[in-house]
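>>> Structure, please.
(chains A and B)
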Amino acid sequence: MSLDSHGVASVENLTVRYGTKTILSDFSLVIPDGCTGLLGPNGAGKTTLLKTLLGFVSPAGGRGQVLGLDVATQGMLIRQKIGLMPEQDCHIPGMNAVTFVAYAGELAGMPASQAMRRAHEVLEYCGLGEARYRNVETYSTGMKQRIKLAQALVHGPKLLFLDEPTNGLDPEGRDQMLDLIRDVSHGKGLSVVVSSHLLPDIERTCDSVLVLRRGELILSGPIDALRSTTGCTVDVELAEKSTAFGESITALGGTIGEIKGNRVRVAFADGTKGFGTLVFRAAKLSGAQVRGFAPAQRSLEDVFMEAIDQ
Amino acid sequence: MSQPNVQDATVNSPIADLTYRNYDGPLTSHTFRWWVVALSVLRTNLKKPGFWINGALIVLIFLFQALLFFFSNNVAARIGGGGAAGDAPQKLFSYGTTAYQAISATSLLVTIAALIVGSGSIAADNRANALLVYLSKPITKGDYLLGKWMGVFMLLAGMVVLPTILLWVFYATTYADEGFFKQEPWLWAKLLGASLISPVINTSLMIGFSACTKNARLAGSLFAAFTFILLTVSNTAGFLMFRNATLDQDLGAGKAVVRRAITVQHISVRGVADGLSMELLDVDPKKVMAGGPKKLRKRLQAPYPLPLVGIGLLMIILPIGIARAKIRAVEVVSG
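Residues are numbered from 1 along each chain as shown, chains lettered A, B, ... in the order given. Next up is the predicted model:
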């Protein structure tokens, strides 16, 4: 794999050790444009990969690039162009939100007046407009997550690293955060890498996914492609539950898979011609009413579990 | 005149633009990025009443010394009759000695100010994981450390340097006719140097201790304990050596032994600052020490400057080195 022409970031033969423990071993991957999910169980090496890309951890071997800049030698330029929302709570003590975010902008090189203007803008965008003059230390967990996003966005990064962005959030806060991530990562001219072990978060926000396990890349690609099923499998939505429909499908050579409410997954052998017609014939035979019909898609959880189990 | 429909306007146009826009505006040079950090330290600490109280006390000390200098010289002039015509009247204290006494007297206040403004400088950042914010931005560990150091240093230096400048202005305006500029053409530079020694050492030590912990109070306590214990140990050891040496001197021991004892007595934060200030301002220790047996006072000498320079540099460089090693964006656990 060459680093020169791939994605917003990539690593090649990367090895990272903490003392004698090897976290990433001869690891290579490419992070594509758009919103990418970095999935993996705890200890898979997601955060270590992000730290290495940011230059916080020196790799024992291999090389990497972020936005075309070399990780080993151009760390400063990389950090000029990226934004990091860390997993842990972090703020500058003794500052209110607008001062904190403006200060983060100044640290990134923005002139003070521009940083202040931008801080107001970004806080409004992140939904903290009303609380901008409150000391950050008094913020709730949800607000602290938002301000971490605001300080990462203030200098207009081209690439955003979000490490466990929904950590500690209640369902409503999580929804709002995911909406924000979805919004910022689509049509705003910046790519986003979301590191998480929460599959629904990745499914909701990302276009592609990289699955890590024990320091190895085990699966990667666009989420839609990974979720699609092979062969002739369709999800059929019926007007109401029907066991007769299942029997008819079986009689016509198909199999019934997962049943969720009125939705039935129907599979025919690979290469079956006209399987759509077979579905409607089964419906006619059983007296069931078909309301919807679509190629079946697996959930990201299925994809993930399959990859992990391999 | 018809009124505009305020309600409609509010509904149709939100107060704030909630869309996200990218920033492609100007960026400042990286060279002075540390100044952003320093400025933040200044802003935060200038709000602390403790800093201003210390500053006010230091100004009072300088004011007291200036008045003492003024009145003692007036008294001396009257007693001495002003000397021969054209001669400057003999002064009880020299310009340098008075400045030294003022600077030396502020030593404890500078240490307290270092506790107030410096103890949380890095410790609070450690506690709040602020280093993740700092170091994920385009600044280096060096920029961060320099910014923190300069922020604390400027506050401490300002507390001492500004009254020192005022003292010099007092000398210059009051004693210009008596040949002040002729006698002491470089006093301003010496005063500047002497007034900066204590702030430099206190800043470095405080930054070093602050970088080693997540708790500002603990950092402050460690710094205070270090300063106090070193002062007590060096004073006790130096005093014992001095006493033995002066007894030996009666028996014919050299002056070098006494001077060595006095140097040992100066191995502390305050001692180094005092000893080097004494050297810079050409102060005669016999004239500074008030009270005590006359016989003992006669044997007083200034400490050796070179060992003090070495210890001073160690107190500056070592804590900065430790702080630099401690500053990390992430905790890397070896294992």
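>>> drop to CA atoms for contacts and neighbour counts, all remaining ones
Fine.
>>> isn't A:Trp226 right next to A:Phe304, touching?
Residue A:226: Leu, not Trp. No - under the criterion of CA atoms under 8 Å, A:Leu226 is not in contact with A:Phe304, lying 9.5 Å apart.
>>> check contacts around A:Lys158.
By CA atoms under 8 Å, 6 or more residues apart in numbering or on different chains, the contact set of A:Lys158 is A:Lys81, A:Ile82, A:Gly83, A:Gly189, A:Leu190, A:Ser191.
>>> By neighbours, which of these wins?
Using other CA atoms under 10 Å in any protein chain shown as the neighbour test, the contacts of A:Lys158 are led by A:Gly83, with 29 neighbours.
>>> mind checking the SS state of that one?
Three-state call for A:Gly83 (DSSP: H, G, I helix; E, B strand; the rest coil): strand.
>>> Helices of the stretch 151-300 of chain B, residue ranges please.
With helices called from DSSP state H, counting those that start in this stretch, the stretch 151-300 of chain B shows them at B:180-183, B:187-211, B:216-250, B:255-265, B:269-280, B:285-288, B:294-298.
>>> partners of A:Val194 in the sheet?
Beta-bridge pairing for A:Val194 (DSSP bridges): A:Gly37, A:Leu162.
>>> quick one: pLDDT of it?
Predicted confidence (pLDDT) for A:Val194: 94.
>>> From A:Gly19, how far off is it?
27 Å (CA to CA, to the nearest Å).
>>> With neighbour numbers in mind, choose between these two.
A:Val194 (25 against 11).
>>> The more buried one contacts A:Leu38, doesn't it?
Yes - using CA under 8 Å, A:Val194 makes contact with A:Leu38 at a distance of 5.8 Å.
>>> Neighbours of A:Asp309, how many?
Around A:Asp309 there are 6 residues (other CA under 10 Å).
>>> If you could redo that for A:Ala131, that was the one I meant.
Counted by other CA under 10 Å, the residues lying close to A:Ala131 total 16.
>>> Find me whatever residue is spatially closest to A:Thr25, sequence neighbours aside.
Just so we're on the same page, residue A:25 is Ser rather than Thr. Distances taken as CA to CA, 6 or more residues apart in numbering or on different chains place A:Thr15 nearest to A:Ser25, at 4.5 Å, with adjacent residues excluded.
>>> what pairs with the one you found across the strands?
A:Thr15 has these beta-bridge partners by DSSP bridges: A:Gly61.
>>> residue contacts, it?
A:Thr15 neighbours (CA under 8 Å, 6+ apart): A:Thr22, A:Ile23, A:Leu24, A:Ser25, A:Asp26, A:Phe27, A:Pro59, A:Ala60, A:Gly61, A:Gly62.
>>> Swap in 7 Å and give it another go.
Going by CA atoms under 7 Å, 6 or more residues apart in numbering or on different chains, A:Thr15 touches A:Leu24, A:Ser25, A:Asp26, A:Phe27, A:Pro59, A:Ala60, A:Gly61, A:Gly62.
>>> need the contact list for the fifth one.
Residues in contact with A:Pro59, defined by CA under 7 Å, 6+ apart, are A:Leu14, A:Thr15, A:Val16, A:Thr52.
>>> same thing with the third one?
For A:Asp26, the contact set (CA under 7 Å, 6+ apart) comprises A:Asn13, A:Leu14, A:Thr15.
>>> quick one: it is in a helix?
No - counting by three-state DSSP, A:Asp26 falls outside a helix, being strand.
>>> quick one: it and chain B, what's the gap?
From A:Asp26 over to chain B the distance is 20 Å, taken as CA to the nearest CA, to the nearest Å.
>>> What of the fifth one?
As for A:Pro59, its distance to chain B is 12 Å (criterion: CA to the nearest CA).
>>> Which residues does stretch A:106-113 contact?
A:80, A:115, A:155, B:26-30, B:33, B:36, B:137-139.
>>> go with 6 Å
A:Ala115, B:Leu27, B:Thr28, B:Lys137, B:Pro138 (CA atoms under 6 Å, 6 or more residues apart in numbering or on different chains).
>>> cool, stretch A:78-89 as well?
For stretch A:78-89, the surrounding residues in contact (CA under 6 Å, 6+ apart) are A:148-149, A:152, A:157-164, B:137-138.
>>> quick one: it to chain centroid distance?
Going by CA atoms, centre = their mean, to the nearest Å, the spacing between the C-alpha centre of stretch A:78-89 and its chain's C-alpha centre is 16 Å.
>>> Give me the distance between the two termini of that stretch.
For stretch A:78-89, the first and last residues are 23 Å from each other (CA to CA).
>>> Let me see the ranges of the strands in chain A.
A:9-18, A:21-31, A:35-39, A:61-66, A:69-70, A:82-85, A:159-163, A:191-196, A:208-213, A:216-222, A:232-238, A:255-260, A:263-268, A:290-295 (DSSP state E).
>>> Within the sheet, what are the partner strands of the second one, with directions?
What that stands for is strand A:21-31. When DSSP bridges is applied, strand A:21-31 pairs with strand A:9-18 (antiparallel).
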